[in-house]
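> any chance you could fold what I've pasted below:
(2 chains)
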Amino acid sequence: MSPGEPEAGAAMPEPGADILLAASSEPVCSLVRVPLEEVGHRVRLVADGLSALAALKRQLPDVVVAEWDLPRLDGRGLCQAVRADRELSATHVIIMTSAARAERAAEALEAGANDYLATPFERTELLARVRAGRRAAQLRASEARLRALMANVPGAIYRCAPDRDWTMELISDEIERISGYPPADFIDSAVRTFASIIHPDDRHRVEEAVFEACAAGRPFVLEYRIQRADGDERWVLERGQLVHGTNARTWLDGAIFDISARRQAEEERRRREAEQARVAELRASRARIIEAAYAARQRIERDLHDGAQQRFVAVALQLRLLISQLEKTAPDTAALVKDALDELLYAMGELRELARGIHPALLSERGLVRAVQALLSRMPMAARLGEAPEERLPEPVEVAFYYLIAESLTNACKHADANMVSVQIGRADGRAWVEVTDDGVGGATASEGSGLCELGDRVEALDGTLTILSPPGDGTTVRAEVACA
Amino acid sequence: MKETVLIVDDHAAFRRSARLLLEAEGYNVIGEAQDGRSALFQAESLAPDVVLLDVFLPDLDGFEVASELTGRSRAVVVLISSRDGRDFGALVSESGARGFIPKTELSGASLAALVGR
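Numbers count the residues shown, from 1 in each chain, chains lettered A, B, ... in the order given. A predicted model of the protein is given here:
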């Protein structure tokens, strides 16, 4: 009950209370019952201890007034029974004892009575004791409700001193589930301070945030780590604020929630996103590397062609001219020049082969379909191009497909002992694919370091897949499929 | 009467050497072009007997120029390149060109062998 609630003075009429009166003698009964009913209380009357207990269980009264000497179950037994029963334990019990037997009062309180009345007593004393009892019972009931509430809140509710230890005045049981330490450990910092379970790296941050909020007169919300009794780390969310109590004391009131699961999920999501980004970046960088390599090879081939090869061609033609002129006048010299020309042509042949290996010029000039037709026309076996798109594919796709086809055709010639080979190229629904099929001996694999393995890397860099179907004795099908917007 | 030749190539050094060689060997080089468009134009106005045509031109594709030329004039088209002719496969014959001569093999004799006059 909050201390701010107005005191119920005599001037303020209170609604009647339910009183259970347990008295075996008529004079006592009247002595108590009459004044209570006169002020508006409702009195239920029982004549012995067992009946009193049964009446209590039927309906809880606000206050029980009972004689010590009751038949069947005396005052001591009644008090003990009430305290032992969870349902009844909050009941306020006043025991009437004889003033002549002062030691009874002590026995009654010992047995669990909340108060005692020595007979004879004044009417006003009776009414005052009942009123106080009723209020105490209400206080205990609301406290019990609060405790029940606190126990059921999914967080630890606390009141602590605004000091660096966060010395606890009270903290609910939930802290044990969160931290692994019983709440009693933290009360008055009896066993450990609450600050001691805050992660060392977070302690300073927590202090700063709380004191700053308090100084500014606003509530605080913060997330930090605690170290559990079992050594685990947990993330908690704390909300609280500075409140002013009695005697000019200040407190921090708030609640602490375990948010480890949420944190973990966030962590997991962040990790997954980072991983996805890393994979995407890896693929993109691989694609960039392959494209850069392709561009470099294309440039080298063009430089060779436009530079050295053209100069050599000019030299070769001039030597030819020289030979035709010398043949009539100096045939010996002409023969020498002809040797030089042959040597030059041989070197140029090598250079041409080198350039061709570096980059297939026809591919960039005329596109995949023409370049593949040219490849097929050089095959020493039946070779045909089936389905093929009319428009050109993106350059990285054409290059990957071209090398895949060239390698597959080479394999068909060299290893497969094939009589027939066919190539199909297709494009649909944001994908492009190529398939090379031969009728050879099969058994091909993309083993480490093989040409097909290297081509697999190129295909993968385009977010694609390479499939090799090559059962022994039953031909080979190499299929690649890549993303192609 | 000497046969007339139009040389189409984007490399000036080649055009000069080829002209000297062919003229020394009895051909009459009547024009030079450095790209596909001017080749088509010059072939129209000069009406050469033979067009020596580079496969890779800066503007148009040599094979396309070859089929244009053989479609609209009486000129014999001979494709040339310093690249490996085997790479072109059937493209040469499909273009309507008479044949292919690697640039290094160019001579009056090799040209005559193809053109057959």
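
> tell me which stretches of chain A form helices.
Ranges of helices within chain A are A:26-38, A:49-58, A:75-84, A:103-111, A:123-152, A:174-179, A:200-216, A:260-304, A:310-329, A:331-358, A:361-366, A:368-377, A:395-414, A:451-461, based on DSSP state H.

> mean pLDDT lowest for which of those helices?
Looking at the helices of chain A, the lowest mean pLDDT belongs to helix A:451-461 (a mean of 78).

> okay, buried residues for that helix please.
Residues of helix A:451-461 classed as buried by neighbour count (16 or more other C-beta atoms under 10 Å in any protein chain shown): A:452, A:455-456, A:458-461. Backbone N, C-alpha and C define where each C-beta goes, glycine included.

> now that helix and helix A:260-304, what's the angle there?
Taking axes from the mean of the first three to the mean of the last three C-alpha atoms, to 10 degrees, one finds that helix A:451-461 is oriented at 120 degrees with respect to helix A:260-304.

> does anything pack onto helix A:451-461? Which helices or strands?
Judged by 3 or more C-beta pairs under 8 Å, 6 or more residues apart in numbering or on different chains; DSSP states H and E, helix A:451-461 is in contact with helix A:260-304, helix A:395-414, strand A:465-469, strand A:476-483.

> how far does it sit from its chain's centre?
In terms of C-alpha atoms, centre = their mean, to the nearest Å, the gap separating the centre of helix A:451-461 from the centre of its chain is 36 Å.

> could you check the angle that helix makes with helix A:395-414?
160 degrees.

> roughly how far apart are the residue in chain A that chain B sits nearest to and A:Gly440?
Going by C-beta to the nearest C-beta, chain B is nearest to A:Ser377 of chain A, at 2.9 Å. A:Ser377 sits 20 Å away from A:Gly440, going by C-beta to C-beta, to the nearest Å.

> what about the two, which has more around it?
Remark: of A:Ser377 and A:Gly440, A:Gly440 carries more neighbours, 23 against 18, as counted by other C-beta atoms under 10 Å in any protein chain shown.

> how many neighbours does the nearest residue to the more buried one once chain neighbours are set aside have?
Closest residue to A:Gly440 apart from its sequence neighbours, by C-beta to C-beta, 6 or more residues apart in numbering or on different chains: A:Ala416 at 2.6 Å. As a burial measure, A:Ala416 scores 23 neighbours (other C-beta under 10 Å).

> surely A:Ala416 is in contact with A:Pro472?
No - counting by C-beta atoms under 8 Å, A:Ala416 sits too far from A:Pro472 to count as a contact (11.3 Å).

> which neighbours do these two share?
Contact with both A:Ala416 and A:Pro472 is made by residues A:441-442, according to C-beta atoms under 8 Å, 6 or more residues apart in numbering or on different chains.

> for the residue nearest to A:Gly440, what are phi and psi?
Dihedral angles of A:Ala416 (phi, psi; degrees, to the nearest 10) stand at phi -90, psi -20.

> which residues does it contact?
A:438, A:440-442, A:444, A:475-476 are the contacts of A:Ala416 under C-beta under 8 Å, 6+ apart.

> try A:Leu70
A:22-24, A:48-49, A:52, A:78.

> buried members of those into ChimeraX, please.
To isolate the buried subset of the contacts of A:Leu70 in ChimeraX, counting by 16+ other C-beta under 10 Å, use the following:
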select /A:22,23,24,48,49,52,78
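
> reformat the contacts of A:Leu70 as a markdown table; add distance to chain B.
A markdown table is the format used below for these (distance: C-beta to the nearest C-beta, whole Å):
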| residue | distance to chain B |
| --- | --- |
| A:Ala22 | 117 |
| A:Ala23 | 122 |
| A:Ser24 | 124 |
| A:Asp48 | 120 |
| A:Gly49 | 116 |
| A:Ala52 | 114 |
| A:Leu78 | 113 |
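
> how about JSON lines for the contacts of A:Leu70, with distance to B:Gly26 added?
Output for the contacts of A:Leu70, formatted as JSON lines (distance: C-beta to C-beta, whole Å):
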{"residue": "A:Ala22", "distance to B:Gly26": "147"}
{"residue": "A:Ala23", "distance to B:Gly26": "152"}
{"residue": "A:Ser24", "distance to B:Gly26": "154"}
{"residue": "A:Asp48", "distance to B:Gly26": "150"}
{"residue": "A:Gly49", "distance to B:Gly26": "146"}
{"residue": "A:Ala52", "distance to B:Gly26": "144"}
{"residue": "A:Leu78", "distance to B:Gly26": "143"}
